[in-house]
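**Q** Sharing a model that was predicted from the sequence below.
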Amino acid sequence: MNNNFTVASVTLLASNPPNLVSGPLLAGFGSGSGFPELQFVVELDGQQSFKFDLRTTQLFRLGAFQSLCVSEGSETVKERTYSKGITIQFKDEEESSAFHGAFEQWKSKAVTQGSSLPNGTVSSSKSKFDDKIEASSAKMYFHYYGQLLHQQNMMQDYVRTGSYYAAVIENKADFAGRVVVDVGAGSGILSLFAAQAGAKHVYAVEASEMADYAQKLIAGNPSLGQRITVIKGKIEDVELPEKADILISEPMGTLLINERMLESYVIARDRFLVPNGKMFPTVGRIHMAPFSDEYLYVEIANKSLFWQQQNYYGVDLTALHGTAFQGYFSQPVVDAFDPRLLVAPSISHIINFTTVKEEDLYEINIPLKFTASVGTRIHGLACWFDVLFNGSTVQRWLTTAPGAPTTHWYQLRCVLSQPIYVMQGQEITGHLHMIAHSAQSYTINLTMSAKMWGPGAKQGGILQTSSCKLDLKEPYYRMSQPQAYPAAQDQQPDQDLKHPSLADFVQQCSNDSDVQIL
Ligand SMILES: C[S@@+](CC[C@H](N)C(=O)[O-])C[C@H]1O[C@@H](n2cnc3c(N)ncnc32)[C@H](O)[C@@H]1O
């Protein structure tokens, strides 16, 4: 970036009459005072230079070669400073454009950690986020989200983005005239939706470098952007000048909980939401059902065959076969599967974002209980999620269910290295136990058991049990496989696609001992 410019002249507007300083003059951007500033070096009444603090400075084009630079004054108990302004005359249009580009880039640096903003501040001390998340994981995570291509990938998931748009626009009553906080704003797209729905002001909080791009996108939509403030920092660290009437966020990872961003969403609720404020999304559900998929099982088992070679360039590899076999089965499989692979009606686990405690998300233990609808070999547990936007006007669901239009989350399957056999009507029990780890994900322990079955069976007796341990952080993305979908008329009615109202399903769940409400 070019830090220094030669401008033709400047006119100091504060002096009476305005004082023209003819150039060429040197104008430079820097951060020598600990914040981004613009400095002009002039010989004027013995004064060597004058500076603008970019945190409170704005630049306007008056013409092709002429711009106006104005900084806000301030008033504190101790001192009062007045606004100051200059007009800048550039030698040509190219110099003017380069100067404006540098100004924007340096100004965006004002929105950095540890700096104060006109409408919000960021603390530079170690935060709750840093206490529980490894620095190396956070660095990679925010590096990933700092890249436009990954934001584009999410924005191009039209099921996702379209559901958010519809949920916001159909519920204008929840946004119009309200203060909104966008938790993890990314490109700022949800903030712009909230502004379209008439929000009074939106605070778009984003920890990654994407905050600078969000600032640009928002500046490129000035009619909406004037009601949006981008704050670069973690939601755990930033301070906002006012409370929010509504939070909007897209904190869902694979299996809903991956990335541990739900915790940040809940922290945002506790820090910034007014009592009884709204949350978009409001509730999430993890759905689970046993599946049978011989092809998938064989594919995973075969991956470790490499290690069964006894003469690999004269080396016997078999000592590592067992480890490799277990390693492949410790990866949850992410792909879009045919819902006909499910062999029992699904159960669900509800997380109510408006009430769940952050600590409740550290360890989630879901008891499993299914009744096999066919006699088959069960290869593991299939999982997906949905979220509800509980708007005052329209309740809208965003689902990632198999058979529903595919999203970038796909579905997730935990595959057992030892499949279990069941007969039709046989009960399958077990646990899905997920423990958060400091690399922003979860260790999953899955146990599935086939219960004793048939006349004379010992009550509660177990015939066969299989367990596996998986790392949600290390999934096997299996999207290259061609996916066979059933024709519409072949599709089983999927109970998860019929979404009850919030009140109905909370009632339904409190009657259902298999479902835990956090
Ligand atoms: C899944 S993306 C969603 C982006 C955007 N809201 C959208 O819907 O397109 C999550 C974003 O939240 C940001 N993020 C995650 N944890 C955060 C935290 N604790 N504080 C601030 N931003 C966070 C990430 O950097 C990422 O850009």
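**A** On my side now, so go ahead.
**Q** What pairs with the longest strand along the chain, parallel or antiparallel?
**A** The strand that spans the most residues within the chain, counting by DSSP state E, is strand 376-390. Applying DSSP bridges, strand 376-390 is found paired with strand 283-291 (antiparallel), strand 395-399 (antiparallel), strand 411-422 (antiparallel).
**Q** Spell out whether the second one and the ligand are in contact.
**A** No - Strand 395-399 stays out of contact with the ligand when judged by CB under 6 Å from any ligand atom, the minimum separation being 11.3 Å. C-betas here are computed from N, CA, C, even on glycine.
**Q** pLDDT of that strand, averaged?
**A** The average pLDDT for strand 395-399 rounds to 98.
**Q** now stretch 85-92, how far from the centre of its chain.
**A** Distance, stretch centre to chain centre, for stretch 85-92: 42 Å (CA atoms, centre = their mean, to the nearest Å).
**Q** And for stretch 397-412?
**A** Centroid separation between stretch 397-412 and its chain, computed with CA atoms, centre = their mean, is 17 Å.
**Q** partners of F40 in the sheet?
**A** A27, F50.
**Q** If we look just around the ligand, which residues of this structure are in range?
**A** 129, 142, 145, 151, 154-155, 184-187, 189-190, 205-208, 210, 234-236, 250, 261, 264.
**Q** picking up where we left off before, would you mind finding the most buried of the strands paired with strand 376-390?
**A** Across the strands paired with strand 376-390, the average number of neighbours (mean count of other CB atoms under 10 Å) peaks for strand 283-291, which reaches a mean of 24.
**Q** downstream neighbour of it in the secondary structure list?
**A** helix 294-303 (DSSP states H and E).
**Q** Now a ChimeraX select for only the buried ones of the residues of the chain next to the ligand.
**A** Burial among the residues of the chain next to the ligand is assessed by 16 or more other CB atoms under 10 Å; the matching ChimeraX selection reads:
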select :129,145,151,154,184,185,186,187,189,190,205,206,207,208,210,234,235,236,250,261,264
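**Q** just checking, which of the residues of the chain next to the ligand belong to helices?
**A** 129, 142, 145, 151, 154-155, 189-190, 210, 261, 264 (DSSP state H).
**Q** can you map out the helices along this structure?
**A** Counting by DSSP H, the helices of the chain are 93-108, 128-132, 135-145, 148-155, 158-169, 172-175, 189-196, 210-219, 222-225, 261-272, 294-303, 321-329, 502-510.
**Q** In contact with the residue nearest to Q39 when sequence neighbours are not counted: list those residues for me.
**A** The shortest distance from Q39 to any non-neighbouring residue, by CB to CB, 6 or more residues apart in numbering, is to K51 (4.8 Å). Listed by CB atoms under 8 Å, 6 or more residues apart in numbering, the contact set of K51 reads 33, 37-40.
**Q** hmm, which two among the ones in helices among the residues of the chain next to the ligand are most spread apart?
**A** Largest separation among these by CB to CB: F129 and M155, giving 24.8 Å.
**Q** Give me the pLDDT for the nearest residue in space to Y265 that is not next to it in sequence.
**A** Nearest in space to Y265, with sequence neighbours left out and distances taken as CB to CB, 6+ apart, is P251 at 4.3 Å. Looking at P251, its pLDDT stands at 98.
**Q** again with the one 10 residues further on
**A** We have a pLDDT of 98 for M261.
**Q** Just the buried residues of the contacts of K51.
**A** Buried among those (16+ other CB under 10 Å): 37-40.
**Q** So which of the residues you listed is the closest to F291?
**A** E37 (60.3 Å).
**Q** so how far is N3 from that closest one?
**A** Distance of E37 to N3, given as CB to CB, to the nearest Å: 11 Å.
**Q** One more: T81?
**A** Taken as CB to CB, the span from T81 to N3 is 25 Å.
**Q** hang on, the earlier thing: between helix 158-169 and the longest strand of the chain, find me the angle.
**A** Strand 376-390 runs at 30 degrees relative to helix 158-169, counting by axes from the mean of the first three to the mean of the last three CA atoms, to 10 degrees.
**Q** tell me the mean pLDDT over strand 376-390?
**A** Mean per-residue pLDDT for strand 376-390: 98.
**Q** report the angle between the axes of it and helix 321-329?
**A** Strand 376-390 runs at 30 degrees relative to helix 321-329, counting by the same axes, to 10 degrees.
**Q** With only the CA atoms kept, save strand 376-390 in CSV.
**A** Extracted as CSV, the C-alpha positions of strand 376-390 are listed here (Å, rounded to 0.1, in the frame of the first residue of the first chain):
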residue,chain,number,x,y,z
THR,A,376,-30.9,-55.4,8.8
ARG,A,377,-27.3,-54.7,9.6
ILE,A,378,-27.0,-51.3,11.3
HIS,A,379,-23.8,-49.5,10.4
GLY,A,380,-24.1,-46.5,12.6
LEU,A,381,-26.0,-43.3,13.5
ALA,A,382,-27.0,-40.7,10.9
CYS,A,383,-27.4,-37.1,12.2
TRP,A,384,-28.7,-33.8,10.8
PHE,A,385,-30.1,-30.6,12.3
ASP,A,386,-32.6,-27.9,11.8
VAL,A,387,-33.1,-24.4,13.3
LEU,A,388,-36.3,-22.4,13.9
PHE,A,389,-36.7,-18.7,13.4
ASN,A,390,-39.5,-18.0,15.8
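**Q** wouldn't V266 be in contact with V356 here?
**A** Yes - the pair V266 / V356 is scored as a contact, 6.1 Å apart, by CB atoms under 8 Å.
**Q** out of these two, which sits in the busier spot?
**A** V266 (24 against 20; other CB atoms under 10 Å).
**Q** how near is that one to L256?
**A** 13 Å.
**Q** which residues of the chain score low on pLDDT?
**A** 1-2, 32-35, 42-48, 74-79, 108-126, 480-518 (pLDDT under 70).
**Q** residues contacting W409?
**A** 252-254, 384-385, 400.
**Q** Could you identify the most distant pair in the residues you listed?
**A** G253 and W384 (12.7 Å).
**Q** These two: which has the busier surroundings?
**A** It is W384, of G253 and W384, that has more neighbours when counted by other CB under 10 Å, with 30 against 18.
**Q** Now do the contacts for the residue of the stretch 1-150 of the chain found nearest the ligand.
**A** Going by CB to the nearest ligand atom, the ligand is nearest to Y145 of the stretch 1-150 of the chain, at 3.3 Å. By CB under 8 Å, 6+ apart, Y145 lies in contact with 151, 186, 207-208, 210.
**Q** Equivalent analysis for N4, please.
**A** So N4 contacts 26-29 (CB under 8 Å, 6+ apart).
**Q** Where neighbours are concerned, which of those has the most?
**A** Among the contacts of N4, A27 has the most neighbours (other CB under 10 Å), with 26 neighbours.
**Q** quick one: that residue and E37 touch, right?
**A** No - here A27 does not reach E37: they are 11.1 Å apart, not a contact under CB under 8 Å.
**Q** What is the burial count for V315?
**A** So V315, with other CB under 10 Å, has 9 neighbours.
**Q** Also V10?
**A** By the measure other CB under 10 Å, the count of residues near V10 is 22.
**Q** How about the contacts made by the residue nearest to it when sequence neighbours are not counted?
**A** Take V10 and drop its neighbours on the chain: the residue closest to it by CB to CB, 6+ apart is I86, 4.8 Å away. By CB under 8 Å, 6+ apart, I86 lies in contact with 10-13, 40, 68-69.
**Q** Now restrict these to buried residues only.
**A** Among these, the ones that count as buried by 16+ other CB under 10 Å are 10-13, 40, 69.
**Q** Distance check, I366 against the ligand.
**A** Distance, I366 to the ligand, by CB to the nearest ligand atom, to the nearest Å: 24 Å.
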